[in-house]
Each structure stands twice: as C-alpha cells, then as structure tokens.
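1. Dropping the sequence and predicted coords here.
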Amino acid sequence: KGVHPRFAIGESTIPQTSQLIQLIAREHGIPELEILGSPEKIRQHVTPSCGIKRIFGFAYHNEGREHDPTEAHQFGNHWRDENHLFRQDIDSWLFTVAMKYGCSVLQGASIESVDIDDDGVAVVADEKRYTGQYIIDGNGIRSILAEHLDLREKPCGFRTNTRTLFTHMMGVREFEDVAPSKMSNPWKVGTLHHIFRRGWFWVIPFNNWEGATNPLVSVGLTLDADAWPQDSDLTAEEEFEGFLQRFPSVGKQFEDAQAVRPWVRAPKIQHSSTRTIGKRFTLLSHTAGFIDPLFSRGLISTMDHIRDLVPLLRGALADGDFSEERFEPLDVKQKASFSFADKIVSAAYASWDDFELWNLWLRYWAIGVHAAESNLGSVMLMGRHSTFQPVDAPIFSAFEPEGYRQMFGAGHAALMDYDDGKATREEDAERLRAALDGQDIPIPLPDGRTGHEWAMKNPLCRDIFLGPEPNHERWLMGRVDAHLELDTASVS
C-alpha cells in the first residue's frame with residue numbers, strides 16, 4: 001500500500017555494501033548504481049540529505065557510570081567514506097531509475113491474492129489481475145508470499161531474540177562534546193553504537209559533513225528481549241528516556257533531542273522462513289529472514305542475493321526452466337548467511353556482559369569484514385588477474401579469507417559456552433584469545449601497508465584507522481594505542 005517517498009530502515013552502509021552495489025552495476029550495465037558507492041556522487045546526482053560514514057564506532061557503557069574513554073573502538077580507513085543513506089530520498093530516486101529502465105509500477109495498491117502454477121504467476125491487486133513468469137517478494141516481514149504459502153518458521157529459528165524502538169531526531173549532540181574521547185576521529189563522522197549489557201543504541205547522523213542540509217539523526221535502541229522485557233505500561237519514548245537515565249553519558253547526548261516522527265516499536269524483530277525459494281518465486285533477503293541491525297549486514301545480504309539471483313533468473317527466462325532445482329543454491333546460501341548473522345550477533349549480545357569479552361569478540365567481526373572487503377576490492381580492481389582464490393564452503397561471504405571459518409567457529413563456541421553457563425568469563429576470554437592467535441588472516445591493503453593484522457588481534461589496539469602511514473608504522477613497531485601504552489606489559 002506504500003508510495004514513495006517513504007521512511008525505511010537500513011541506513012548505514014559499510015565498504016562491502018557499496019562494493020557489491022558497484023559490482024552489480026558493472027556486471028549488468030547499470031551506471032546509476034555506481035553512484036550509490038560514493039557520498040560525493042550521491043550529493044552531486046541524487047540528494048544532499050545523506051550523511052557520511054568514515055568510521056564504525058563503538059562506545060561501551062556501564063549502568064549508572066560515565067563512559068570510560070578507554071572502553072571504546074573505532075574502525076575505518078582513509079581511502080573512502082561510506083554512507084548514511086536517507087532512505088526516503090535514495091529509494092525514491094532508485095524507484096525512478098527502475099522506471100527509466102522499463103519497469104511498470106503500481107503504487108498504493110492493496111494485494112488481494114497471489115496464484116502460482118506451472119505456467120506462471122498472477123497477482124490480484126485492487127481487483128485487477130497482473131501476470132508474469134516469476135515473482136520476487138521484497139516486502140520484508142509482512143511478506144505476502146510468506147503468509148500465502150505459510151513459509152514462516154514458528155517459532156523463529158534464530159537464537160537472537162531482540163526487540164527495538166527507533167525514530168528520527170533533531171538536536172542530538174555530538175558525543176565528543178559530552179564525553180571525553182581518545183580516538184583519532186570524532187564520533188560524529190560515523191555510525192556510533194552505544195553498547196551496554198545485552199543492548200545498544202544506534203546514532204546515525206545525516207548532518208555530519210560541511211554543508212549538510214539535513215538536520216536529522218536516525219536513533220534507535222535495540223534490546224535482548226529476555227534480559228530487558230518490554231514494559232507495556234510505557235510508551236516507546238518513555239522507555240527510551242528510561243534507558244538514557246541508566247547511562248548518563250548517553251543521556252547527555254540526547255538532552256536537547258526531539259523526535260520528528262512517531263516512534264516505531266517492535267516487540268520482536270527476528271523472522272525466519274522454512275524456504276526462501278519455491279515454484280516460480282523467491283523471497284529477497286530481508287523478506288526471507290532478519291536478525292538484528294547490528295553490524296549493518298542487512299543490505300549486504302540483499303546485494304549478495306541479487307547478484308546470485310539475476311543470472312539464474314536470466315537463464316530461466318531464456319530457456320523456460322523455472323524449476324526449484326535451478327534456484328536451490330539461493331536457498332542454501334541465504335540460510336547460511338542468516339546462520340552466520342545470527343551467530344555473530346547473538347555472541348555479541350553475550351559478550352556485552354563484560355568489556356574484555358566484547359573487546360575480543362569485536363575483533364572476530366573486524367577481521368572478517370576487513371579481509372572480505374580487501375579481497376572483493378582486489379577482484380573489482382584486477383578482475384581475472386586478482387590473486388584472490390575463493391575458499392571452499394565459506395561461512396559468510398564468497399570473498400572471506402582462508403582460515404576464517406575455523407577461527408570464527410572456535411570463538412563462537414566459546415561464547416556460547418559462556419552464555420549457556422558452561423564457562424566463566426575468564427575461561428571464555430582465554431579461549432577467545434587462543435582462537436584469535438591461532439589463525440593468521442591476511443588483510444592486504446591498496447598501498448601495501450602492513451602492521452594492521454597485528455593491531456586487529458591486539459586487545460590494546462582499539463583505534464584502528466587504516467591508511468595513514470604513522471598508524472602503520474606504530475603497529476609495525478609493536479606499539480598499541482598511545483593512551484593504552486602503559487598497559488602493554490600486561491599483555492606482553
């Protein structure tokens with residue numbers, strides 16, 4: 001029933017997101033998609049309403065205490081900024097691009113029925129019948145096909161069990177103005193995650209570059225539903241305010257903030273499906289399943305699925321073979337992607353019980369994502385001359401590095417033992433360190449700089465901004481963050 005422009009979540013990208021979008025653009029001759037990989041091109045060709053993402057920022061908090069600036073992390077690089085997408089503008093523009101390439105559109109329609117048989121598909125909307133050869137459902141959790149074909153897993157098959165509330169705000173202060181920071185970049189130039197026991201806030205500014213015209217900031221609070229059950233007597237805004245009072249540094253950031261749109265509150269955000277493909281249909285990633293916005297994996301999964309779907313669908317349209325067997329690899333890969341996301345997110349929530357656990361587990365994410373981005377960048381730049389060789393049975397990406405599955409599996413098992421009460425925090429931390437040290441994962445950089453692989457593993461390296469020569473020189477000398485150097489002896 002929706003029409004563009006409209007509000008949507010999925011606002012924060014990481015390099016792998018933009019790389020996959022640009023790869024799709026090149027593979028299928030859609031130059032407009034190349035624009036979405038660059039904040040500058042978006043401002044020039046689409047809209048000035050988006051923000052930039054130079055860093056992935058994490059600030060850890062203990063209830064009732066001011067933020068300790070040593071308990072924080074930043075990851076980023078100096079080669080390219082990512083995006084904070086103001087989705088209503090971006091999606092509206094993409095909608096017109098689709099029309100330019102020949103898509104027939106129908107907005108504000110109410111779908112009444114879906115019929116699928118051996119000869120094709122038919123959708124009835126507003127008493128009119130539309131036919132085709134294949135149907136792709138991108139409706140998200142309210143999927144027409146999932147409901148019609150009874151595809152939802154009941155109960156949901158994921159370990160992660162979280163709920164969320166979110167809105168857009170004005171007047172959100174910059175965190176570096178209310179709390180001391182030891183980081184090399186200001187928090188405002190990226191996505192800021194305020195982490196605490198079994199929950200987190202997100203802060204995604206659209207106004208964080210010189211000349212920005214959009215004063216809004218995307219704000220949300222996501223919680224482990226078992227650790228923080230919803231109080232039905234409170235509104236979403238009242239609940240948000242209550243958590244601000246628990247964490248004084250975060251509260252200061254929102255002292256002058258005002259919501260500019262109604263709060264959205266979802267008591268459970270996970271959903272999963274028994275099948276993601278079938279006779280003449282597929283469910284796009286966000287429709288087939290969803291875990292949690294942590295680590296910004298949603299758009300990556302969608303782009304991965306589109307890259308895999310398009311050649312299969314083109315082949316089916318050419319030879320008329322729409323058999324489920326042809327599309328079966330999509331189902332296998334999507335479910336593997338959901339499984340990885342569920343594992344890395346549920347383990348993160350468990351690790352937030354203690355900063356040292358989180359300080360170790362976060363590195364499993366950082367190593368995997370940076371290595372995959374590096375390998376994908378090599379393929380995009382060098383093509384068939386790239387030295388990257390895909391691994392057998394990847395756990396999360398066709399571009400992941402050799403050895404990552406083993407490292408991740410050992411670390412994840414350790415945190416699940418802790419979460420299940422089978423290991424102490426100290427025992428778990430030791431296992432996490434051992435698994436990190438047990439694999440050497442290469443992360444080649446564009447200019448050949450080194451030292452960052454050591455920093456990624458070292459618990460006293462928390463400001464990891466790749467590219468600037470002094471940073472890599474320090475890491476090559478075995479030096480940790482300057483404000484943590486006095487603690488080096490404790491990990492030597």
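-> In hand now; what should we look at?
2. correct me, but residue 188 touches residue 176?
-> Yes - counting by C-beta atoms under 8 Å, residue 188 does reach residue 176; the two are 6.8 Å apart. (Glycine included, C-beta is placed from N, CA and C.)
3. For these two, indicate the residue with more neighbours.
-> residue 188 (23 against 17; other C-beta atoms under 10 Å).
4. Can you give me the separation between that one and residue 266?
-> From residue 188 across to residue 266, the span is 27 Å (C-beta to C-beta, to the nearest Å).
5. Please apply the same query to residue 84.
-> 21 Å.
6. Looking at those two, which one has more neighbours?
-> The neighbour count for residue 84 versus residue 266, taken as other C-beta under 10 Å, is higher for residue 84 (27 against 15).
7. residues contacting that one?
-> Neighbour list for residue 84: 11-13, 50-53, 191, 204-206, 208, 218 [criterion: C-beta atoms under 8 Å, 6 or more residues apart in numbering].
8. and of the residues you listed, the nearest to residue 323?
-> Looking at those and their distance to residue 323, the nearest is residue 13, at 34.9 Å (C-beta to C-beta).
9. Pull the contacting residues for the closest one.
-> Applying C-beta under 8 Å, 6+ apart, we find residue 13 in contact with 53, 82, 83, 84, 85, 296, 299.
10. again, but for residue 338
-> The neighbourhood of residue 338, defined by C-beta under 8 Å, 6+ apart, consists of 158, 272, 288, 289, 291, 301.
11. any idea where the strands of the stretch 151-300 of the chain begin and end?
-> If you assign secondary structure with DSSP state E, counting those that start in this stretch, the strands in the stretch 151-300 of the chain sit at 162-170, 190-196, 199-205, 217-224, 258-259, 264-266, 277-278, 281-283.
12. Same question for the stretch 1-150 of the chain.
-> For the stretch 1-150 of the chain, the strands identified by DSSP E, counting those that start in this stretch occupy 51-53, 55-60, 72-77, 82-84, 111-117, 120-125, 128-132, 135-137, in order along the chain.
13. Tell me which of these lies nearest to residue 315.
-> Closest approach to residue 315 among these (C-beta to C-beta): strand 135-137, 15.3 Å.
14. Give me the sheet partners of that closest one and which way each runs.
-> In the sheet, strand 135-137 lines up against strand 281-283 (parallel) (DSSP bridges).
15. How about residue 445: what's its closest non-neighbour residue?
-> Once flanking residues are discounted, residue 445 sits nearest to residue 466: 6.3 Å by C-beta to C-beta, 6 or more residues apart in numbering.
16. For that neighbour, give its distance to residue 83.
-> Applying C-beta to C-beta, one obtains 18 Å for the distance of residue 466 from residue 83.
17. How about residue 186?
-> 18 Å.
18. dump the residue contacts of the residue of the chain most remote from its centre.
-> When distances are taken from the C-alpha mean of the chain, residue 127 lies farthest, 38.4 Å away, according to C-alpha atoms, centre = their mean. With contacts defined as C-beta under 8 Å, 6+ apart, the neighbours of residue 127 are residue 112.
19. And it, how close does it get to residue 23?
-> 41 Å.
20. For residue 489, give me the pLDDT.
-> pLDDT, the model's per-residue confidence, is 46 for residue 489.
21. same check, this time on residue 84
-> If you check residue 84, the pLDDT there is 97.
22. tally of neighbours for the nearest residue to it once chain neighbours are set aside?
-> If the residues on either side of it in the chain are set aside, residue 84 comes closest to residue 51, at 3.3 Å by C-beta to C-beta, 6+ apart. Counted by other C-beta under 10 Å, the residues lying close to residue 51 total 28.
23. how close does residue 51 sit to residue 179?
-> As judged by C-beta to C-beta, residue 51 and residue 179 stand 20 Å apart.
24. Just the mean pLDDT for stretch 53-64, thanks.
-> In this model, stretch 53-64 carries a mean pLDDT of 98.
25. what comes up buried for it?
-> Of the residues in stretch 53-64, those with enough neighbours to count as buried (16 or more other C-beta atoms under 10 Å) are 53, 54, 55, 56, 57, 58, 59, 60, 61.
26. Next up, the contacts around the third one.
-> By that I understand residue 55. With contact set as C-beta under 8 Å, 6+ apart, residue 55 has these partners: 74, 75, 76, 185, 187, 189, 190, 191, 465.
27. ok, which pair from those residues is furthest apart?
-> 191 and 465 (14.7 Å).
28. Those two: who's more crowded?
-> Neighbours were counted for residue 191 and for residue 465 using other C-beta under 10 Å; residue 191 has more, 24 against 17.
29. in the sheet, who's paired with that one?
-> With DSSP bridges as the criterion, the beta-bridge partners of residue 191 are residue 56.
30. The one 4 residues further on too?
-> With DSSP bridges applied, the residues forming beta bridges to residue 195 are residue 60, residue 200.
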